[in-house]
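Trainee: Based on what follows, work out the 3D shape:
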Amino acid sequence: MAPTPTTSLAGKIALVTGGAAGIGHSTAEELRRVGSKVVIADIDAESGKEVARRIDGTFVEADMTTENGR
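Mentor: As a prediction, the model looks like this:
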């Protein structure tokens, strides 16, 4: 049986930039729903930590608009 998109993401680690709000937040929730372990990277630490807590993920503070992420 060929893997489906849902089963092929189960158990994988997903890094979601901008996961504290908007499309990134929705993406993080969906990835977790299908069984991925989710790491959220965002400049908004307060919201990012809350999303990570709700989906049993991990949060790292990062500014993706700079070369070094800070």
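Trainee: And the helices in this protein, which stretches?
Mentor: Under the criterion DSSP state H, the chain contains helices at 5-9, 22-33, 45-54.
Trainee: what comes into contact with the longest one?
Mentor: So that's helix 22-33. With CB atoms under 8 Å, 6 or more residues apart in numbering as the test, helix 22-33 has contacts from 9, 14, 16-19, 38, 40, 42, 51, 55-57. For the C-beta atoms, the positions are set from N, CA and C on the backbone; glycine is no exception.
Trainee: Report the two of these separated the most.
Mentor: Greatest spacing in the contacts of helix 22-33, by CB to CB: L9 and D42 (20.7 Å).
Trainee: Who has more neighbours out of the two?
Mentor: Under the criterion of other CB atoms under 10 Å, the comparison of L9 against D42 puts D42 first, with 26 against 17.
Trainee: So which of the contacts of helix 22-33 are in strands?
Mentor: 14, 16-17, 38, 40, 42 (DSSP state E).
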